[in-house]
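**Student:** coords please:
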Amino acid sequence: MAAKARAVKERGLEGDVAVMGLFSPGQGRRLVHEGVITGGFQWSPLEAGKAFVALGEMLYSGEEITDGAELPVLGDITLDGHTIYASQPLELNKDTVDELAELGL
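**Tutor:** So this is what the prediction gives:
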């Protein structure tokens, strides 16, 4: 992601080319505020920890985890064997990147 953003910046294409993807708020926030990185997404380790605790509690109490279930923090999930897929990442943009960077993300 950083290489893409640097290429856009070096060519003066900020605002003309959308640069989006996964990146660390601490590493990318300057480029977000400069308008080089349009936005992106990241998983929060804190929220992932909450999801694992919720899953553990559900399993401990005998609840079944099923495909299409809605789980705390994770939202709707898809199962593939023993792998759980979810789509609830944190959105990174000019309004959120500083706070998330201050959390150490």
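**Student:** Output the helix or strand hosting residue 32 as PDB, restricted to C-alpha atoms.
**Tutor:** Element membership of residue 32, judged by DSSP states H and E, is helix 25-33. Extracted in PDB, the C-alpha atoms of helix 25-33 (Å, rounded to 0.1, in the frame of the first residue of the first chain):
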ATOM      1  CA  PRO A  25      -3.200   3.900  10.600                       C
ATOM      2  CA  GLY A  26       0.000   4.800  12.400                       C
ATOM      3  CA  GLN A  27       2.000   4.400   9.200                       C
ATOM      4  CA  GLY A  28      -0.500   5.800   6.800                       C
ATOM      5  CA  ARG A  29      -2.200   8.700   8.500                       C
ATOM      6  CA  ARG A  30       0.100  11.400   7.100                       C
ATOM      7  CA  LEU A  31      -0.700  10.200   3.600                       C
ATOM      8  CA  VAL A  32      -4.400  10.100   4.400                       C
ATOM      9  CA  HIS A  33      -4.300  13.700   5.500                       C
END
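**Student:** May I ask you to name the longest helix in the chain?
**Tutor:** Counting residues, the longest helix found in the chain (DSSP state H) is helix 45-60.
**Student:** what packs against that one?
**Tutor:** Under the contact criterion of 3 or more CB pairs under 8 Å, 6 or more residues apart in numbering; DSSP states H and E, helix 45-60 touches strand 70-71. All C-beta atoms are positioned from the backbone trio N, CA, C, and that covers glycine.
**Student:** mind listing what the strand it packs on pairs with, with the direction of each?
**Tutor:** Applying DSSP bridges, strand 70-71 is found paired with strand 75-80 (antiparallel).
**Student:** Next secondary structure element downstream of the strand it pairs with?
**Tutor:** strand 83-86.
**Student:** Can you point out the buried residues in that following strand?
**Tutor:** 84, 86 (16 or more other CB atoms under 10 Å).
**Student:** what does it rub up against?
**Tutor:** Strand 83-86 is contacted from outside by 51, 55, 65, 71, 74-79, using CB atoms under 8 Å, 6 or more residues apart in numbering.
**Student:** Closest one to residue 20 out of these, please.
**Tutor:** residue 75 (20.6 Å; CB to CB).
**Student:** quick one: contacts for residue 75?
**Tutor:** 86-88.
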